[in-house]
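In: Dropping a prediction and its sequence here:
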Amino acid sequence: MQKFLLKRWHGLHMIIAFILCIIFIGILSFYNWFYAIIGLVALIGLAIFIFRAEQAFRRDLQRYIATLRHRVKKVGDEVVGEMPIGILLYSEDKKIEWYNPYMLKITGKESLSGQDLLDVIPQLAELNNGKKKMEIIYNQKIYEVISRVEERLYYFTDVTEYRELLLRYNEEKVVFAIIHLDNVDEVAQGMDEQSRALLLSNVTTAINEWAQKYKMYIRKYASDKFLAIMDEGTLQRVLESRFEILDVVREMTAKNKLPLTLSIGVGAGDDEFVKLGEMAQSSLDIALGRGGDQAAVKQGDKTTFYGGKSNAVEKRTRVRARVISHALRDLILESDVVLIMGHKFPDMDAIGASIGVLKAVLANEKKGYIVLDKVNPSIDRLMAAVEEHEYLMNYFVTPELAIGMATRRSLVVMVDTHRPSMTIEPKILQSTNRVMVIDHHRRSEEFVEDPVLVYLEPYASSTCELVTELLQYQSEKLNMDNLEATALLSGIVVDTKSFAFRTGARTFEAASFLRRNGAEPAIVQRLLKEELDQYIKRSKIVQNTEILYDIFAISEGDSEETYTQVLIAQAADTLLTMSGIQAAFVICKRPDNMIAISARSLGEINVQMIMEKMGGGGHLTNAATQVKELSMQEAVNQLKALIKQYHETGGKL
């Protein structure tokens with residue numbers, strides 16, 4: 001090509017020279033005709049030469065272009081025919097019109113012409129629905145398919161090896177797990193050294209055999225803790241088994257007065273070992289905060305729970321309560337003001353616990369206030385008594401006023417909840433970095449960020465029980481009057497259903513302390529009295545009950561009527577008293593138009609797992625949720641589907 005361009009360049013020079021010669025001959029003719037004629041003859045000869053040279057150039061150029069076109073066409077045909085990318089053209093009626101040879105290799109057919117596109121490759125139906133790129137599995141291989149709708153064209157690229165390599169890479173990522181023996185001290189209490197050593201030896205052997213079965217590395221680094229290292233592929237197999245080691249250890253120690261249980265925290269989905277360790281420890285903290293006997297698996301931002309089939313074991317020692325009480329006293333003394341806040345629509349437990357914390361603040365001679373906005377009808381009588389009290393009502397403030405009071409040195413105490421979104425005013429938590437949590441619910445994935453102190457004990461009957469224990473280790477100046485002690489006792493009575501459920505030895509000890517400090521059971525009964533119309537509404541809810549699998553009771557409220565959260569919970573409690581019912585669920589619309597579900601069980605069925613699948617939480621025997629985006633019927637259908645899955649899988653969700 002350069003040769004032809006060079007010739008072309010020389011031709012241009014010759015034309016310029018020819019023009020200059022004509023001009024020169026014209027000038028010469030004025031002086032000498034003889035020389036002008038000689039120049040003219042030479043010029044004609046030069047013109048003939050240039051003309052013939054130009055013709056030769058054009059012939060050579062035509063031959064070169066023809067040769068180049070042939071070579072390009074030949075190479076193009078070879079590329080289309082031999083490159084490892086399938087190309088397929090189809091007609092408007094989805095018939096295959098043209099394809100390259102590689103498509104025959106992909107499909108394994110001898111010919112594709114005229115065949116229906118979706119008969120040959122049915123997976124392309126999704127691309128026809130508007131997608132421009134997708135991956136399909138065809139003939140045991142993975143292909144990336146690109147669609148050009150305007151040209152009615154498909155490109156097929158084999159990405160099987162890449163996907164297998166990516167899968168292998170993901171399966172070989174490192175995973176950290178921390179295994180914790182929940183209640184060694186409680187289980188081994190009263191055992192001699194030989195029996196204790198034998199118990200721990202048997203449990204350790206079971207854990208090591210489990211680790212060996214899944215080919216994970218495990219190392220015991222404390223008397224009650226193990227570190228396990230595995231890869232993502234192993235983790236997936238462990239997840240499919242739903243951490244059967246939890247059941248193995250619980251069942252092998254079931255003959256003891258208290259079975260030994262495990263908690264497992266797993267960190268996965270990150271490349272940094274330090275981050276994985278932090279995720280594993282965080283997951284373990286969540287599992288322990290939920291009562292133990294379960295595994296918490298954190299993969300990126302998602303946390304999944306397994307197990308949780310038993311109730312949290314009551315701690316027999318009060319050492320932790322004493323330590324937390326002293327820490328609370330120090331935090332109160334270091335604060336300019338203490339703001340106490342429960343969950344939205346606070347119940348008797350939240351208000352009673354708030355009054356108890358306020359008492360601790362006042363006993364330490366610091367300023368403290370209880371944040372309250374809308375009053376739950378279930379605490380109307382208590383709040384009426386507070387209004388008549390000598391000083392208590394002066395310490396209740398609105399959320400707006402509390403936000404104005406909060407400073408960086410303020411202490412916010414959350415009671416009866418640990419989820420910021422459920423508090424009366426989440427903005428208050430953002431006004432200070434000093435937040436304490438006192439709660440008896442199982443820990444959920446949502447939690448306060450960087451709390452200064454956490455007292456979360458799922459074994460406790462109520463938050464009032466925990467606060468009562470903390471009060472016992474506060475200032476000696478602590479003197480409770482009748483209403484303060486009665487409010488705390490009311491919270492315990494409500495959450496234990498008059499000491500019938502979730503009641504341990506420490507529950508009665510707390511009630512005894514309150515009784516000695518002036519709590520009046522008669523006043524408790526008066527505060528908890530129910531209006532006749534509420535009793536009738538609850539009866540109508542119970543009347544509309546459906547029984548599933550002979551043990552599950554589901555009841556719906558009137559879709560045109562609203563019900564308080566307390567009434568919904570009371571209806572669930574009532575259903576649970578019916579013969580043969582092991583779990584009860586009540587679905588009603590609340591005054592804020594949210595669909596509320598209260599769930600109760602006798603212990604055999606973990607209603608917390610079911611409620612968590614619907615965005616809620618709670619305890620094994622006592623849980624609830626609120627849903628915004630579903631109608632009553634949609635919520636009922638979703639609940640029934642979860643109950644069916646729970647029943648058919650033996651408690652695996």
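Out: Alright, I've got the coordinates.
In: Can you list the buried residues in stretch 534-545?
Out: Within stretch 534-545, the residues scored as buried using 16 or more other CB atoms under 10 Å are 534, 537-538, 541-542, 545. Glycine gets a C-beta too; all of them are placed from N, C-alpha and C.
In: of these, closest to residue 568?
Out: Closest approach between these and residue 568, by CB to CB: residue 541, at 7.7 Å.
In: Test my guess that the closest one contacts residue 569.
Out: No - using CB atoms under 8 Å, residue 541 is not in contact with residue 569; the gap is 11.1 Å.
In: Identify the contacts common to those two.
Out: Shared contacts of residue 541 and residue 569, defined by CB atoms under 8 Å, 6 or more residues apart in numbering, comprise residue 586.
In: Residue 615 looks like it's in a strand, true?
Out: No - Residue 615 sits outside any strand when classified using DSSP: H, G, I helix; E, B strand; the rest coil, being coil.
In: How much space separates it from residue 280?
Out: Separation of residue 615 from residue 280 (CB to CB, to the nearest Å): 25 Å.
In: Those two: which has the busier surroundings?
Out: Between residue 615 and residue 280, counted using other CB atoms under 10 Å, residue 280 has the larger neighbour count: 25 against 13.
In: Can you say which helix or strand has the more buried one in it?
Out: helix 273-289 (DSSP states H and E).
In: and that helix, what does it pack onto?
Out: strand 174-181, strand 262-268, strand 294-299, strand 302-307 (3 or more CB pairs under 8 Å, 6 or more residues apart in numbering; DSSP states H and E).
In: which SS class is the residue nearest to residue 366 when sequence neighbours are not counted?
Out: Distances taken as CB to CB, 6 or more residues apart in numbering place residue 332 nearest to residue 366, at 5.3 Å, with adjacent residues excluded. Under three-state DSSP, residue 332 falls in the helix class.
In: Residue 332 touches residue 338, doesn't it?
Out: Yes - with contact defined as CB under 8 Å, residue 332 reaches residue 338; the gap is 5.8 Å.
In: overlap in contacts of these two?
Out: Taking CB under 8 Å, 6+ apart as the contact rule, residue 332 and residue 338 both touch 361, 366, 368, 411.
In: name the element residue 626 belongs to?
Out: In the assignment (DSSP H and E), residue 626 maps to strand 622-627.
In: Quick one: mean pLDDT for that strand?
Out: Across strand 622-627, pLDDT averages out at 87.
In: ok so, going back, now, of the helices and strands packed on helix 273-289, which is deepest in the fold?
Out: Comparing the helices and strands packed on helix 273-289 by mean neighbour count (mean count of other CB atoms under 10 Å), strand 262-268 ranks first with a mean of 26.
In: And that one, how far out from the chain middle?
Out: In terms of CA atoms, centre = their mean, to the nearest Å, the gap separating the centre of strand 262-268 from the centre of its chain is 16 Å.
In: Tell me which helix or strand residue 455 sits in.
Out: Residue 455 is part of strand 453-456, with elements assigned from DSSP H and E.
In: Equivalent analysis for residue 647, please.
Out: helix 632-648.
In: Kindly report the same for residue 608.
Out: Counting by DSSP H and E, residue 608 is found in helix 607-612.
In: right, and the helix or strand after that helix?
Out: Next in sequence after helix 607-612, counting helices and strands by DSSP H and E, comes strand 617-618.
In: re the thing from before, tell me which entries of the buried residues of stretch 534-545 lie within helices.
Out: 534, 537-538, 541-542 (DSSP state H).
In: Having no further points to raise, I will conclude here.
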